[in-house]
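Undergrad: Below are the sequence and a predicted model; questions follow.
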Number of protein chains: 2
Amino acid sequence: MSPRFTLDPFIEQYAHRTSSMLSSQIRDLLAVTARPDIISMAGGLPFTQAFDPEVILRTVRRVLEEDYAAALQYGPTDGYAPLKHSLVEVMREEGTVCFPEDIMITNGAQQGLEIITKIFINPGDHIIVEAPSYVGALNSFQSYQPRIHAVDMDEAGMIIDRLRVMLRELDAGGNHVKFIYTIPNFQNPAGITLSTERRAQLIEAARDYDCLIVEDNPYGLLRFEGTAGPTLRSMDRERVIYLGTLSKIFSAGMRIGWIAAPHPILNKLLLAKQSADLCTSSFTQRIAHIYFSEEDWRGQVRRLLEIYRNRCHAMLSAMDEHLSGLAEWTRPEGGFFLWASLPDYVNTSEMLASAIGMKVAYVPGSGFFPGEGGENCMRLNYSYADDEMAEEGIKRLAKVIKREVSLAKALGLDKRS
Amino acid sequence: MSPRFTLDPFIEQYAHRTSSMLSSQIRDLLAVTARPDIISMAGGLPFTQAFDPEVILRTVRRVLEEDYAAALQYGPTDGYAPLKHSLVEVMREEGTVCFPEDIMITNGAQQGLEIITKIFINPGDHIIVEAPSYVGALNSFQSYQPRIHAVDMDEAGMIIDRLRVMLRELDAGGNHVKFIYTIPNFQNPAGITLSTERRAQLIEAARDYDCLIVEDNPYGLLRFEGTAGPTLRSMDRERVIYLGTLSKIFSAGMRIGWIAAPHPILNKLLLAKQSADLCTSSFTQRIAHIYFSEEDWRGQVRRLLEIYRNRCHAMLSAMDEHLSGLAEWTRPEGGFFLWASLPDYVNTSEMLASAIGMKVAYVPGSGFFPGEGGENCMRLNYSYADDEMAEEGIKRLAKVIKREVSLAKALGLDKRS
């Protein structure tokens, strides 16, 4: 997998930025863990089996009846206008007021991250992220060579006192922060939600230091417990760039995300989107539009919530049973992931090989940090595995951890720290 | 339309590269020329009406039957493997031997241009393009701030003697050229094809100065006259990065393009694609795969050729009748475009307003040059307008040009140069 072992005759030719573009551990792992005998909690996949293919076929038929030639044609760079109206409805479901003209449609939210970074970041610029944070975002950021600062989280999300210390110190050194990146709901990978109080404090801190906020909200509608806080975008339209996606509530395979942003920023993003890929698929945008305006998408989200709630509970029960005393973990109220911390003398990256040997997989924590951190942690995904697989997967994981802990104790490594 | 007139509170925040990201004239124009009373030869649209929607519906049904859950799911970053086999077949149709492992699937060929530029170009690096060249490519290139050098074309394509002079001068100044970008077949915008002899000379020049070649070949299979030359990729697999697309022979709305490149370069491109958008739509990739493996796509290409040949001839006849003595133009053997040159005292950008007043549109030539050039030229598209529209459009255009020429003569501007 690794290009390091390839003799590359072009090595002198690449742009400097490629030296900070490293392959994501998650992606490399997916290749291995796709083997059917491995129970993988490493992915981040929505459970697309929960869809009725008849609904999709019916939707496509309607798209073709309406205007097949336009569905097969290039479309406007900023997106298919009627779909923007549907996305306004989706955002309203979370209590966020947004207008179609505030929206640009992207090829998944990942493209939003890429082009936001492209228009804002010069090499050496400063940005702030949560620790841990989404690998895909870190990849996009790093490819434009900023200095990335990470703020620790607790059970209520990013610790705003620490954010303020960081902002103050950077400011004292004459360094302005271009943006603060956050996933406020059921964060990937931590499964933590930013409390309502902290949301207000985050906005205030960003105002005090005149930073933009990039709010990435892929899981917002996938809350299966507790009460939703307001989106940051609904609290400050002029400071927050919002990223949405249909990948978790409709289909990741359609590649539809969107950005809601202040209009001058949208103008710049439009130029970046134009050079990135001209436009998002007219075909899938029209499918999404018909689906969200004619089908019972809210009913489908309720069905998904039921599934994800059960799967999350199944995994938490299995963890309570098999991992108590061996690890600590977060208890998400929605989304796809939870975050487990092992004794600090266990290195989850090093342990992964034996886990795969025991036919179970997870994502080691260190990949979610721009610098050091998370070496004793792991991300576990519960959205894709059914109850039985979760129980069996956690059992195998417990065995792997126990063996690792015994080994460490035998070698006296547990006394090191 | 223009962000220049917006009071932008974020103006100090953008990355330096945004100053070289300018809105494409073509895209801005599309907005105006979509008005139904205007005959637009400004677009570059394939004639998607020529498709049978029943074929598309049947293809989608097969995709859903085969594996609906996978079609709705994330896919591998490098693309859906079975589709790569279909693309190998498409390339073989042009006599190019390629293997599935040489291919990465992209969100249209435009994304290929973007990520190639991203992995190769540092600000200030040198690249060479044809003059004129494709606006979308120039946009991607400029957003990474290279120095772009343009080589004139004649009726046989890029003038290799001039390319050699340029390469020699740059080399003498200690400047290496990262890549030479060419559209060898029915070039956009010039409608010119690189002769077989020149292809060999181009490869030789690139070897002598150790440059890569980026071969952009969207129209290769749309040859309705004459004999095809070999693709550059088929002449040098280790030096040529090939860009293909299904936008012209299948559907632009599906957003499927691909890159065939040496493997070490593919490894780097994979990282760029990952941060750009994770993956291309699983849904449209599966549709394309079924379409190209089960439907008569070669028959469909033949039907398209018939249509485009007739439309090209209709436009050329109308031009012979109405524009003789007023302009000169290229006679394409395929593709979508021809290039017309007016007397050198006519500025086609300035003339555009009166053309739109006369309900006809074209793309002014200057936008296709990275620096100066093409001010008296225009690109005309014949793929989308039927015979009657072409005749009427050219008639209107002749009136506009005659008026402009008379005005220039009355003012004595024709004596200037």
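TA: Now that the structure is in, tell me what you want to look at.
Undergrad: where's the residue nearest to residue A:176 when sequence neighbours are not counted relative to residue B:232, distance?
TA: In this structure, residue A:176 finds its nearest non-sequential neighbour in residue A:126, 6.8 Å apart by CB to CB, 6 or more residues apart in numbering or on different chains. Every residue, glycine included, has its C-beta placed from N, CA and C. Residue A:126 sits at a distance of 43 Å from residue B:232 (criterion: CB to CB, to the nearest Å).
Undergrad: the more surrounded of these two?
TA: residue B:232 (26 against 19; other CB atoms under 10 Å in any protein chain shown).
Undergrad: From residue B:76, how far off is the more buried one?
TA: Taking CB to CB, one finds residue B:232 at 28 Å from residue B:76.
Undergrad: what's the answer for residue A:161, then?
TA: 42 Å.
Undergrad: quick one: which of those two has more around it?
TA: A side-by-side neighbour count of residue A:161 and residue B:76, using other CB under 10 Å, places residue B:76 first with 18 against 11.
Undergrad: Is the more buried one in a helix, a strand, or coil?
TA: Recorded secondary structure, residue B:76: coil (DSSP: H, G, I helix; E, B strand; the rest coil).
Undergrad: thought it was touching residue B:279?
TA: Yes: with contacts counted by CB atoms under 8 Å, residue B:76 reaches residue B:279, the gap being 6.4 Å.
Undergrad: shouldn't residue A:307 be in contact with residue A:48?
TA: No: distance between residue A:307 and residue A:48: 11.3 Å, which falls outside the contact criterion (CB under 8 Å).
Undergrad: between the two, which one's more packed in?
TA: A count of neighbours by other CB under 10 Å puts residue A:48 above the other of residue A:307 and residue A:48, at 21 against 16.
Undergrad: How about the contacts made by the more buried one?
TA: A:251, A:252, A:253, B:68, B:69, B:70, B:72, B:73 (CB atoms under 8 Å, 6 or more residues apart in numbering or on different chains).
Undergrad: Any buried residues in stretch A:287-296, and which?
TA: A:287, A:288, A:289, A:290, A:291, A:292, A:295 (16 or more other CB atoms under 10 Å in any protein chain shown).
Undergrad: what comes up buried for stretch A:74-85?
TA: In stretch A:74-85, counting by 16+ other CB under 10 Å, buried: A:74, A:75, A:76, A:77, A:78, A:79, A:80, A:83, A:84.
Undergrad: ok, now which ones touch the residue nearest to the fifth one when sequence neighbours are not counted?
TA: The shortest distance from residue A:78 to any non-neighbouring residue, by CB to CB, 6+ apart, is to residue A:104 (4.8 Å). For residue A:104, the residues meeting the contact criterion (CB under 8 Å, 6+ apart) are A:78, A:79, A:258, A:259, A:261, A:266, A:269, A:270, A:273.
Undergrad: Tell me which entries of these lie within helices.
TA: Counting by DSSP state H, the contacts of residue A:104 place A:266, A:269, A:270, A:273 in helices.
Undergrad: Out of those, which two sit at the greatest distance?
TA: A:266 and A:273 (9.7 Å; CB to CB).
Undergrad: TSV for the buried residues of stretch A:74-85, including pLDDT?
TA: What follows is those, written out as TSV (pLDDT from 0 to 100):
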residue	pLDDT
A:74	94
A:75	94
A:76	93
A:77	94
A:78	96
A:79	97
A:80	97
A:83	98
A:84	98
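Undergrad: now those in a markdown table, with distance to residue B:135?
TA: Converted to a markdown table, the buried residues of stretch A:74-85 look like this (distance: CB to CB, whole Å):
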| residue | distance to residue B:135 |
| --- | --- |
| A:74 | 14 |
| A:75 | 17 |
| A:76 | 16 |
| A:77 | 13 |
| A:78 | 18 |
| A:79 | 20 |
| A:80 | 22 |
| A:83 | 26 |
| A:84 | 26 |
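Undergrad: Just confirm residue A:385 is within a helix.
TA: No: going by three-state DSSP, the assignment for residue A:385 is coil, not a helix.
Undergrad: Pull the contacting residues for it.
TA: A:39, A:40, A:41, A:311, A:315, A:393.
Undergrad: quick revisit: quick check, nearest of the ones in helices among the contacts of residue A:104 to residue A:365?
TA: residue A:269 (32.1 Å).
Undergrad: isn't the closest one right up against residue A:115?
TA: Yes: using CB under 8 Å, residue A:269 is in contact with residue A:115, at 5.5 Å.
Undergrad: how about the residue nearest to residue A:241 when sequence neighbours are not counted, what does it touch?
TA: Leaving aside its chain neighbours, residue A:241 sits nearest to residue A:261 (4.5 Å; criterion: CB to CB, 6+ apart). Residue A:261 makes contacts with A:102, A:104, A:241, A:242, A:269, as judged by CB under 8 Å, 6+ apart.
Undergrad: Around the residue lying closest to residue A:15 once chain neighbours are set aside, count how many other residues there are.
TA: Nearest residue to residue A:15 in three dimensions, chain neighbours excluded: residue B:122, at 5.0 Å (CB to CB, 6+ apart). Residues lying near residue B:122 (other CB under 10 Å) number 13.
Undergrad: ok, now which ones touch residue B:122?
TA: Residue B:122 touches A:15, A:16, A:17, B:144, counting by CB under 8 Å, 6+ apart.
Undergrad: near chain B at all, the helix or strand where residue A:138 lies?
TA: Here residue A:138, judged by DSSP states H and E, is contained in helix A:135-142. Yes: using CB under 8 Å from any CB of the partner chain, helix A:135-142 reaches chain B at A:136, A:139, A:140.
Undergrad: Mind giving me the packing neighbours of that helix?
TA: helix A:109-120, strand A:126-131, strand A:147-154, helix B:263-277 (3 or more CB pairs under 8 Å, 6 or more residues apart in numbering or on different chains; DSSP states H and E).
Undergrad: in the stretch 301-417 of chain A, which spans are helices?
TA: Along the stretch 301-417 of chain A, counting by DSSP state H, counting those that start in this stretch, helices occupy A:348-357, A:387-410.
Undergrad: would a markdown table of these with mean pLDDT, distance to chain B and mean neighbour count be doable?
TA: Listed next are these as a markdown table, based on pLDDT from 0 to 100; distance: least, CB to the nearest CB, whole Å; neighbours: other CB atoms under 10 Å in any protein chain shown:
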| stretch | mean pLDDT | distance to chain B | mean neighbour count |
| --- | --- | --- | --- |
| helix A:348-357 | 91 | 19 | 17 |
| helix A:387-410 | 94 | 16 | 18 |
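Undergrad: who wins for proximity to residue B:320 among the ones you listed?
TA: helix A:348-357 (70.2 Å).
Undergrad: That closest one versus helix A:387-410: what angle between them?
TA: 130 degrees (axes from the mean of the first three to the mean of the last three CA atoms, to 10 degrees).
Undergrad: neighbouring contacts of helix A:348-357?
TA: A:29, A:32-33, A:38, A:342, A:361-362, A:364-366, A:375-378, A:396-397, A:400-401, A:403-404.
Undergrad: Just the buried ones from these?
TA: Judged by 16+ other CB under 10 Å, buried ones among the contacts of helix A:348-357: A:29, A:33, A:38, A:342, A:361-362, A:364-366, A:375-378, A:396-397, A:400-401, A:404.
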